[in-house]
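Asks: build me a model:
(chains A and B)
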Amino acid sequence: GEDVEQSLFLSVREGDSSVINCTYTDSSSTYLYWYKQEPGAGLQLLTYIFSNMDMKQDQRLTVLLNKKDKHLSLRIADTQTGDSAIYFCAESISGGSGTYKYIFGTGTRLKVLA
Amino acid sequence: KAGVTQTPRYLIKTRGQQVTLSCSPISGHRSVSWYQQTPGQGLQFLFEYFSETQRNKGNFPGRFSGRQFSNSRSEMNVSTLELGDSALYLCASSFGGGEPQHFGDGTRLSIL
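Replies: Predicted structure coming up:
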């Protein structure tokens, strides 16, 4: 079945780069996403990549997709204390007849140390 | 452009009661999905509506139901509430077709 896995925790020092990793099992994904969730809030769409791309850069964020290894990563450059949050990896998969399923990972809690 | 709006933000109910949660999607989005988020189970998919039709359903009991109106606004209903229904309920909207989903801030439901 479809599954998305992430490590639970990551701790980095302010100013360093953070790399959050994700692996997925279904190779028929259409898009892959990164969301950020802060306490008491919903999931904020950070960035996403179409499944036929290898890399996408958006300001401090870089997404790398390795389709062969089914591995997705999110690199945050110059990590700030405001980046402390839970980060979710997700993929959308066609279910046929125009329907799509969204599979979410369990989230990685990023803690940025001042 | 207004984001996804969920009301109410907080609800306290007792066991056996029922509850209705509301979601207004981003203008132009026809797909609305509902998720339940708990510390133990993570983010679990409830159902998806597109143009007033339920297209996908997760593995939840029949006490959980929903509907979508012609203006794409959606409601979710939970009947005969149980303690285990305490969770953050999130609504997400999109254009459909696997396009990015945008989430509201959720409704925090507490069952006493």
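
Asks: roughly how far is the lowest-mean-pLDDT helix or strand in chain A from the heart of the chain?
Replies: Using mean pLDDT, DSSP states H and E, the weakest-scoring helix or strand in chain A turns out to be strand A:99-104, at a mean of 89. How far strand A:99-104 lies from its chain's middle: 15 Å, per CA atoms, centre = their mean, to the nearest Å.

Asks: so what's the residue count around residue A:17?
Replies: 12 (other CB atoms under 10 Å in any protein chain shown). Bear in mind the C-beta positions are built from the backbone N, C-alpha and C, glycine included.

Asks: show the pLDDT at it.
Replies: We note a pLDDT of 97 for residue A:17 in this prediction.

Asks: and if you look at residue B:42?
Replies: pLDDT, residue B:42: 87.

Asks: pairing partners for the helix or strand following the least confident helix or strand of chain A, with directions?
Replies: Next along the chain after strand A:99-104, taking DSSP states H and E as the criterion, comes strand A:108-113. Taking DSSP bridges as the criterion, strand A:108-113 forms sheet pairs with strand A:9-13 (parallel), strand A:85-96 (antiparallel).

Asks: before we move on, back to that, next, the buried residues of the least confident helix or strand of chain A.
Replies: For strand A:99-104, the neighbour count (16 or more other CB atoms under 10 Å in any protein chain shown) marks A:99-104 as buried.

Asks: now do stretch A:4-21
Replies: Buried-residue list, stretch A:4-21, by 16+ other CB under 10 Å: A:4, A:6, A:10, A:12, A:18, A:20-21.

Asks: one more: stretch A:75-85?
Replies: Buried-residue list, stretch A:75-85, by 16+ other CB under 10 Å: A:75-76, A:79, A:83-85.

Asks: also stretch B:93-104?
Replies: Buried residues in stretch B:93-104, defined by neighbour count with 16+ other CB under 10 Å: B:93-94, B:96, B:98-104.
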